[in-house]
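*Asks:* I'd like to go over a predicted model; first the sequence, then the structure.
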Amino acid sequence: MTWIRGIALISLLSAAAWLVQREQNAGRLQRIDDAFLDFLVANSRDRFENPSEDIQSTHPVVKVVLDQADAIDYSDWPPQPLDWQMLIKALQPFSPEVLVITTPLSWGHPAPDFVPAVAEALLPFPSVVLAAEAMTIDEGEEDDGKTTSSAFLGDLDSALPRFKRISGPKTAAALQAVVTPPDMPLRRSGEVGLMVPETENTASAVVRSGSDWLPTLSVQALSRQTRTPYSRTRIRLGSGAGLYLDGGVYVPLTQDGKITSNPSIEVPEVNALNLLTEGFTELLTESEKARLGSGKLMVIGIRDPNPDTISHVDQQAAALAAALSAPRIQVVPVYGQWGIWAAVAGFSLWLGVFAPRPKALKIGIIVGFLAFAAGFVAFQSSLWWCPPSVPLAILVVGTLFGRVFGHRPTLPSEPPSSDPKIEGETATE
């Protein structure tokens, strides 16, 4: 009967692994893995909020600043489309991965000359995010997250992405309206990102509009830099809030969905005026050329010299640098996960076929706890983790099978009975 139990259990384990994997790929069991990862991250949160100095310097963010203190050196202020065209064309040889423009490129109607030229200059870049200034509802006007009215997005409604995977209490700021979108010709050259009023050292990651949840300019830049589709981007609000992106990027958030910048993280800076001058390559120092580098996330915008005013270019660059300076979460590769599944399946086969039936449940629980502890220690020490859905299903099936159909221990044989009276009579005879 042992081989029959073995074949039956192997069939059940294979079916369980296949079914769970299928449901996981379809997203219906993803919450189990997400909850486990949230638990691991919550117990290691300080490593992401306060990364080591070695990690802090590895971020790819650089800012190119149009400083209002240099306004006299520009043809006009605020800079006109011609200045923006020259600046953007000057950045093309440096091949940034993502170009983020934090100043809304809007010049009203009728639009001045060279706006189409700005749009054309943006085309060679692989990813461009253009700021659209938006307003949120004042905190006193919010209805504790129950506001159901949608914001006025105008013709940007269909162009703005939405979050699909969001959990936790809906505590993010409510969007009221888009105030200053980029000019229409420019929208064909990149995607539009919302930029809302912020307090110092923060940048919103998400805003709500009715039942929709929209990423902001900073999150769109992070998605492009990490090449994460919005369908795979996951955000959690409330306790343990955070943003999960591809490549193991985890961004800690405040409970209401804001990225907090880290003052100790330095963001390299280049003065845009050096790029606008004829023969700019001769004006740039070697260090500035190294800062612009290749494959960078460039944040471009106007800086107000007023110390009481928060410049969007500094604010967004600091938030993006903090987000990309955190250590990376490492998931066990597919072949490694298969090895773990095989090991758990082998143990479950032994548990269901050879382990004593009364002890199967106890052994399964102990081994499950030890596996959980090993996963916890591995994440604490090196940020490695393995999605638990499939191995957990295999272990549960093996444990239950062993408890119901497992090996029944052989009862000890009874020794021959010895009656004292009979022995006495035998002795008398």
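*Replies:* Received the coordinates, thanks.
*Asks:* Okay, helices next: where are they in the stretch 1-150 of the chain?
*Replies:* 2-25, 30-42, 45-49, 53-56, 81-91, 115-122 (DSSP state H, counting those that start in this stretch).
*Asks:* Tell me which of the ones you listed lies nearest to residue 265.
*Replies:* helix 53-56 (4.9 Å; C-beta to C-beta). Where you see a C-beta, it was placed from the backbone N, CA and C, and this is true even at glycine.
*Asks:* roughly how far apart are residue 270 and residue 299?
*Replies:* Using C-beta to C-beta, to the nearest Å, one obtains 11 Å as the distance from residue 270 to residue 299.
*Asks:* Kindly reformat the helices of the stretch 1-150 of the chain as CSV and extend each row with mean neighbour count and distance to residue 356.
*Replies:* Rendered in CSV, the data for the helices of the stretch 1-150 of the chain read as follows (neighbours: other C-beta atoms under 10 Å; distance: least, C-beta to C-beta, whole Å):
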stretch, mean neighbour count, distance to residue 356
helix 2-25, 15, 14
helix 30-42, 17, 30
helix 45-49, 14, 43
helix 53-56, 12, 50
helix 81-91, 21, 71
helix 115-122, 20, 70
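*Asks:* Of these, which is nearest residue 168?
*Replies:* helix 30-42 (9.5 Å).
*Asks:* So which elements touch that closest one?
*Replies:* strand 242-245, helix 360-382, strand 384-385, helix 389-405 (3 or more C-beta pairs under 8 Å, 6 or more residues apart in numbering; DSSP states H and E).
*Asks:* Packing partners of the second one?
*Replies:* Going back to what we said before, that points to helix 360-382. helix 30-42, helix 334-353, strand 384-385, helix 389-405.
*Asks:* run the last query once more with 10 Å
*Replies:* helix 30-42, strand 330-331, helix 334-353, strand 384-385, helix 389-405 (3 or more C-beta pairs under 10 Å, 6 or more residues apart in numbering; DSSP states H and E).
*Asks:* mean confidence for that helix?
*Replies:* Averaging pLDDT along helix 360-382 yields 90.
*Asks:* Please state the offset of that helix from the chain centre?
*Replies:* Relative to its chain's centre, helix 360-382 lies at 26 Å (C-alpha atoms, centre = their mean, to the nearest Å).
*Asks:* switch to numbering from 44
*Replies:* Let's use 44 as the start, then, which means that last one is helix 403-425.
*Asks:* Mean pLDDT lowest where, among the helices of the stretch 44-193 of the chain?
*Replies:* Among these, helix 96-99 has the lowest mean pLDDT, at a mean of 70.
*Asks:* returning to that earlier point: who has more neighbours, residue 313 and residue 342?
*Replies:* Comparing residue 313 with residue 342 by other C-beta atoms under 10 Å, the one with more neighbours is residue 342, at 32 against 22.
*Asks:* Return the distance of the strand or helix carrying the more buried one from the chain's centre.
*Replies:* Using DSSP states H and E, residue 342 sits within strand 340-346. Relative to its chain's centre, strand 340-346 lies at 23 Å (C-alpha atoms, centre = their mean).
*Asks:* Tell me the first helix or strand C-terminal of that strand.
*Replies:* Remark: after strand 340-346, the chain's next helix or strand is helix 355-367, criterion DSSP H and E.
*Asks:* how big is the angle separating that next one from strand 340-346?
*Replies:* 150 degrees (axes from the mean of the first three to the mean of the last three C-alpha atoms, to 10 degrees).
*Asks:* Off-centre distance for helix 355-367?
*Replies:* With C-alpha atoms, centre = their mean as the basis, helix 355-367 stands 16 Å off its chain's centre.
*Asks:* before we move on, back to that, can you tell which of the helices and strands packed on helix 73-85 is closest to residue 246?
*Replies:* strand 285-288 (11.6 Å).
*Asks:* one step back: and the helices of the stretch 44-193 of the chain: which comes nearest residue 436?
*Replies:* Residue 436 lies closest to helix 45-68 among these, at 4.4 Å (C-beta to C-beta).
*Asks:* Not counting that closest one itself, show me its contacts.
*Replies:* 71-73, 75-76, 380, 384, 387-389, 391-397, 430, 432-441, 443-445, 448-450 (C-beta atoms under 10 Å, 6 or more residues apart in numbering).
*Asks:* which residues sit in contact with residue 425?
*Replies:* Shown in contact with residue 425 (C-beta under 10 Å, 6+ apart): 370, 373.
*Asks:* switch the cut-off to 8 Å
*Replies:* With contacts defined as C-beta atoms under 8 Å, 6 or more residues apart in numbering, residue 425 is in contact with residue 373.
*Asks:* What of residue 90?
*Replies:* 369-370, 426.
*Asks:* give me that answer again for 10 Å
*Replies:* By C-beta under 10 Å, 6+ apart, the contact set of residue 90 is 84, 98, 293, 295, 369-370, 423, 426.
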